[in-house]
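Q: Next input, structure requested:
(chains A and B)
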Amino acid sequence: MTTMTVKGARRRGPGAFRRGLQRNLTAYGFLCAALICFAFFSWYPMVREVLLSFQQTNFVDDPTWVGLENFRTVTEDSAFADAWLNTLAFTGLALVFGYVIPFVAAIVLNELRHARAYLRFIVYLPVMLPPAVGVLLFKWFYDPGAGLFNQILELAHLPALSWLDSTDTALISLVIVSTWMNLGTGTLIYLAALQSIPSELYEAAELDGAGLFKRVWHVTIPQTRLILLVMLLLQIVATMQVFIEPYLLTGGGPENATLTVAYLMYQYAFNFGDFGAGGALGLMLMVVLMVFSAFYLRLSRDNQS
Amino acid sequence: MKSPKLSMLLAAAIALTAAGCGNDDSGSKAAETSPSAAGADAPVTISVGCQPPKSNPLERTAWDEDVAAFQKLHPNITIDSKDAFPCINPDTFQAKLAGGTMEDVFYVYYTDVKKIIAAGQAADISPYVGGVTKLGDLRPDVMSIFREGDKIYGLPRNNYSMGLVYNRKLFTQVGLDPAAPPKTWAEVREAAKKISGLGAGYVGFGEYSAGNTGGWHFAASLYGRGGEMVTPDGKTAAFNSPEGKAVLENLKTMRWTDDSMGTKQLLQWEDLMRMMGGGKLGMMIGAPDVVQTVNNDFKGKFEDYGVTALPEAKASLNGGDGYMINPKATPEKIKAAMLWLEFHELTPGQGQFNYARSKQQGRPVGLPIPDLYGDAAPGKEITELRKANATVPVENFTPFVEGSATIQNKLEPPKSQEIYAILDVPMSAVLTRQDADIDKLLADAEAKANKVLAKSS
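A: Take a look at the predicted model:
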């Protein structure tokens, strides 16, 4: 079939090709703009980063090739293990909270008969805040003295927490911020998936005597399995790059308890002026994320087919 | 979902700046000003960083007036002022350099100078600096910041030593004499306890512990107690010492036994400035420029603050800023830069030291900074001019001036940012964990710092 089409196209000759080109000129124009943007802002920087991770440069003289020296620098740093462990812990905790809560919120919103639009707006509201503003808002909430959270604990006659100032609670405090900031997007995506489930399935389940939990377990989850998987992978990819929360709230402390891979990368490049080491760490993170991205692409392809 | 991917962002920043490399104006202008193509008075344009921003109209006017006066004096030189606030963002330094947008005469903090020299990112100005008439009068410790071997890589603009900044109003409120600030750490503890006893939100003594600022202030306290950050050869860490232990023990006691440091920790530069400006922080380690910053940007009032020398100080950490020259600058540009820096930053009664104009403009005059010349003749002249035009209560800084006179100023350690990052850990530990093991924390930090130093030596 494909061969026949190609042969057919060849038979049409250059005139047909030109006409086709003219017909789709606008589309190609849009495509070019996107390709140029990707080339400049994504692909070229990625290539540069790969090169940089094997070089030492002062941005004045020509860079020198140093082989795997930057990778050695990074892996021999005692903060390297801390950063990866914290990043993995953050990702795990962010999945527990940030993956489940939006799904539950979407189910609840989907079940509601009244004020659904209003509540959807409320849930999405944090996404509209610039991330830095949202994070700094939590800086005040977490204040151990006059902060909102400790005030609430006090009202409930519970002991105050140190939140960001304790190695026990600092990381989870960052997860809470991240979950709150990203709740709206996840919820809306899940909600859209839920609303595409044929209502007949729920009606049938109800006729069979299924309660809410059984309906969720036997209808909702199987029907949204693909989107759940895609969101899981996207969330892993996004949360492993956590940066703004530790940067603005804790500076990686206390005692490196919130030092993440992305934050360490920033420290190498911008605080210590070692772009080679920053690039090497960035490349390591990119390789890990590429594995998850490959899964995501596979899932997307499966979905399309 | 978080859309920005940091690894991509870092790469994008690098790529963008690298892409800008092709647009290197210093290179294109080189022909215009190269020795062979131009005579001694050939036109030359230099871009200079740290023009005050439009949000600071008085200082900007003064700068622009100085530029006009300088250009009148040297008609062949054009100053292309570049404004920025703050004057430098270390985060973008490398990117500007890579992208060819770094000024010919760029502003630096002392903290970054050695790193920039080691990376070959500043021009050697030794052959050109001889014409600066007051070079020999500049404090040797200040100039040593910009020296490497027998070469010179920059000139200072501001210099100060660390002291203790305190809120005079709060001192009065708790029955302490603001004219007799603490001279020992025991007195600091007593004062801090009284101030924090004023009620919720009052903090007796504030200290940094995150974003590398904790390590920076550890160094300041350590020097004050007579300790060293590294061995004389710079190859081994030396802060795991009785003095280093005393720094952390003192903080731990104030935080947990005295409860005079507040509950909120992991503070960084802006946090303490805000707390000081808010009027509920009693004391912090800092230089007189803290009072200026708190007054200008954090709603404090000059008259409410005082500065004294670091308690029990045997030495003090140098702080300050200056200018270095773009390594791609032509000799003509470097010569012009020397003339400008001498005119604007180093001459009593002129440029930054034009106190008569500052007074006329209603700007604060009277802070005992910059201290570029010490007791040398230009230093005395500057002090006299400052006194004659004072607009702020200079007596509030007398304890600092008198107390600092006999204290030796010391430089930051090599690989300062890396070591400060390491020392953030023990600093944050003693302030956030009651059971912090100081011996172990210092030993761990020492091992990590030794690794960093071994790599650099």
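Q: residues in contact with residue A:28?
A: Going by CB atoms under 8 Å, 6 or more residues apart in numbering or on different chains, residue A:28 touches residue A:21. Where C-beta positions appear, they are placed from N, C-alpha and C, glycine not excepted.
Q: I'd like the next helix or strand past the helix or strand hosting it.
A: In this assignment (DSSP states H and E), residue A:28 forms part of helix A:25-38. Later in the chain than helix A:25-38, the nearest helix or strand by DSSP H and E is helix A:44-52.
Q: so residue B:159 sits in a strand?
A: Yes: counting by DSSP: H, G, I helix; E, B strand; the rest coil, residue B:159 falls inside a strand.
Q: Which residue comes closest to it once chain neighbours are left out?
A: Residue nearest to residue B:159 in three dimensions, not counting chain neighbours: residue B:320, with 4.0 Å by CB to CB, 6 or more residues apart in numbering or on different chains.
Q: I figured that neighbour hits residue B:155, correct?
A: No: between residue B:320 and residue B:155 there is no contact under CB atoms under 8 Å: 11.4 Å.
Q: part of a helix, is the residue nearest to residue B:159?
A: No: counting by three-state DSSP, one finds residue B:320 to be strand, located in no helix.
Q: Could you tell me which ranges of the stretch 51-200 of chain B sit under the pLDDT cut-off?
A: Along the stretch 51-200 of chain B, no part satisfies pLDDT under 70.
Q: Neighbours of the residue of it found nearest chain A, how many?
A: Relative to chain A, the nearest point of the stretch 51-200 of chain B is residue B:98 (3.7 Å; CB to the nearest CB). Neighbourhood size, residue B:98 [other CB atoms under 10 Å in any protein chain shown]: 23.
Q: One more: residue B:289?
A: 18.
Q: Let me see the backbone angles for it.
A: phi -70, psi -20 (degrees, to the nearest 10).
Q: Can you verify my assumption that it contacts residue B:367?
A: Yes: between residue B:289 and residue B:367 there is a contact under CB under 8 Å: 7.4 Å.
Q: so what's the residue nearest the centre of chain B up against?
A: Nearest to the mean C-alpha position of chain B, counting by CA atoms, centre = their mean, stands residue B:320 at 3.5 Å. Residues in contact with residue B:320, defined by CB under 8 Å, 6+ apart, are B:109-110, B:142, B:145, B:156-160, B:370.
Q: same question, residue B:441
A: Here residue B:441 is in contact with B:248, B:425-426, B:429-430 (criterion: CB under 8 Å, 6+ apart).
Q: Over to residue A:188?
A: When contacts are counted by CB under 8 Å, 6+ apart, residue A:188 touches A:106, A:120, A:123-124.
Q: Recalculate using a threshold of 10 Å.
A: For residue A:188, the contacting residues are A:102, A:105-106, A:109, A:120, A:123-124, A:127, by CB atoms under 10 Å, 6 or more residues apart in numbering or on different chains.
Q: From residue A:18, how far out is it?
A: 44 Å (CB to CB, to the nearest Å).
Q: Relative to the whole chain's centre, how far out is stretch B:42-57?
A: 20 Å (CA atoms, centre = their mean, to the nearest Å).
Q: That stretch vs chain A: in contact?
A: No: Stretch B:42-57 lies out of reach of chain A by CB under 10 Å from any CB of the partner chain, never closer than 16.6 Å.
Q: residues touching the residue of the stretch 101-250 of chain A found nearest chain B, list them.
A: In the stretch 101-250 of chain A, the residue that lies nearest chain B is residue A:144 (3.8 Å; CB to the nearest CB). By CB under 10 Å, 6+ apart, the contact list for residue A:144 reads A:150, A:160-166, B:262-265, B:432.
Q: mind checking pLDDT for the residue nearest to residue B:159?
A: Confidence at residue B:320, expressed as pLDDT, is 90.
Q: Check the one 3 residues further on too.
A: pLDDT for residue B:323: 97.
Q: that older thread, which ones among the contacts of residue B:441 map onto strands?
A: The strands, defined by DSSP state E, take in nothing from the contacts of residue B:441.
Q: Pick out the most distant pair among these.
A: Maximum pairwise distance among those (CB to CB): 11.0 Å, between B:248 and B:425.
Q: okay, now the residue in the stretch 151-300 of chain A positioned nearest to chain B: neighbour count?
A: Proximity to chain B, evaluated over the stretch 151-300 of chain A using CB to the nearest CB, is greatest for residue A:251 at 3.1 Å. By other CB under 10 Å, 26 other residues sit near residue A:251.
Q: next one: the one 3 residues further on
A: Counted with other CB under 10 Å, the burial measure for residue A:254 works out to 30 neighbours.
Q: picking up where we left off before, mind listing the shared neighbours of residue B:320 and residue B:155?
A: With CB under 10 Å, 6+ apart as the test, residue B:320 and residue B:155 both reach B:142, B:372.
Q: State the distance from whatever residue of the stretch 251-400 of chain B ends up closest to chain A to residue A:160.
A: Closest residue of the stretch 251-400 of chain B to chain A, CB to the nearest CB: residue B:263 (3.8 Å). In this view, residue B:263 and residue A:160 are 8 Å apart by CB to CB.
Q: of these two, who's got more company?
A: Neighbour count, other CB under 10 Å: between residue B:263 and residue A:160, residue B:263 has more, with 17 against 14.
Q: That one contacts residue A:162, doesn't it?
A: Yes: using CB atoms under 10 Å, residue B:263 is in contact with residue A:162, at 7.3 Å.
Q: Quick check: end-to-end length of stretch B:254-262?
A: Length of stretch B:254-262, first residue to last, CA to CA, to the nearest Å: 10 Å.
Q: So which bits of that stretch are buried?
A: Neighbour-count burial for stretch B:254-262, counted by 16 or more other CB atoms under 10 Å in any protein chain shown, picks out B:254-256, B:258, B:260-262.
Q: Sort the residues you listed by pLDDT and name the bottom one.
A: Minimum pLDDT across the buried residues of stretch B:254-262 is recorded for residue B:262, with 94.
Q: Go ahead and report the secondary structure state at the residue of the stretch 51-200 of chain B closest to chain A.
A: helix.
Q: So it is in contact with residue A:273, correct?
A: No: using CB under 10 Å as the test, residue B:98 is too far from residue A:273 to be in contact (11.4 Å).
Q: Please list all residues in contact with residue 179.
A: Looking at chain A here, since you left the chain open. Residue A:179 neighbours (CB under 10 Å, 6+ apart): A:93-94, A:96-102, A:126, A:186, A:239.
Q: oops, chain B please
A: Residues near residue B:179 by CB under 10 Å, 6+ apart: B:168, B:171, B:306, B:395-396, B:398-399.
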